[in-house]
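In: Prediction below, plus the sequence it came from.
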Amino acid sequence: MVVLMKLLGLVLLCVSAFGQQKAERKADRVISIVAERFTFNPSKITVKQGELVEFVLTSDDTDHGFRIPSAGIDVAIPQSSKGEARVRFIAREKGTFAFECSRPCGAGHNLMRGTIIVK
């Protein structure tokens with residue numbers, strides 16, 4: 001029984017260490033995006049296939065959202081001076097991916113979009 005408990009502990013330690021290594025992978029690029037009614041700046045981003053990109057998202061005014069529908073990403077961007085949101089995106093395949101504001105922010109909300117081009 002003691003041997004089984006030690007073996008289980010070793011397995012859990014290995015799994016935990018593997019998970020930390022994967023989570024701590026350094027981003028290939030860090031890109032800052034500023035949201036404000038009713039734009040993202042920049043709104044067009046080009047990355048290389050296979051890159052791990054970390055987006056640092058801030059707002060110059062109210063609460064906004066950042067959604068990449070095809071990647072299952074949807075985060076809240078806090079209002080101005082209330083912090084930032086960080087999200088990672090792995091550009092697995094070539095193509096154009098849309099991103100958009102996912103929190104109603106006013107009359108021009110539906111125009112608040114951008115593109116990620118993966119080459």
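Out: Arrived safely, thanks for sending. On a predicted model such as this, the values are computed, not experimentally measured, just so you know.
In: On the pLDDT front, check the closest residue in space to residue 113 that isn't next to it in sequence for me.
Out: Distances taken as Cβ to Cβ, 6 or more residues apart in numbering place residue 100 nearest to residue 113, at 4.7 Å, with adjacent residues excluded. Backbone N, C-alpha and C define where each C-beta goes, glycine included. Looking at residue 100, its pLDDT stands at 97.
In: any idea how far residue 100 is from residue 75?
Out: Distance, residue 100 to residue 75, by Cβ to Cβ, to the nearest Å: 12 Å.
In: In terms of secondary structure, what does the helix or strand harbouring residue 57 contact?
Out: Taking DSSP states H and E as the criterion, residue 57 maps to strand 52-59. Applying 3 or more Cβ pairs under 8 Å, 6 or more residues apart in numbering; DSSP states H and E, one finds that strand 52-59 contacts strand 29-36, strand 73-77, strand 85-90.
In: follow-up on the earlier one: gap between the residue nearest to residue 113 and residue 26?
Out: Distance of residue 100 to residue 26, computed by Cβ to Cβ: 28 Å.
In: Of these two, which one has the most company?
Out: residue 100 (18 against 7; other Cβ atoms under 10 Å).
In: what's the overlap in contacts for residue 100 and residue 75?
Out: 65, 67 (Cβ atoms under 8 Å, 6 or more residues apart in numbering).
In: What pLDDT does the model give the nearest residue to residue 88 once chain neighbours are set aside?
Out: In space, and not counting its chain neighbours, residue 88 is closest to residue 54: 5.1 Å by Cβ to Cβ, 6+ apart. Looking at residue 54, its pLDDT stands at 97.
In: Verify the stated contact: residue 54 with residue 84.
Out: No - in this structure, residue 54 is not within contact of residue 84 by Cβ atoms under 8 Å, at 11.2 Å.
In: quick one: the helices in this protein?
Out: For the chain, the helices defined by DSSP state H cover 2-23.
In: pLDDT-wise, which helix or strand of it ranks last?
Out: helix 2-23 (a mean of 42; mean pLDDT, DSSP states H and E).
In: Alright, calling it a day.
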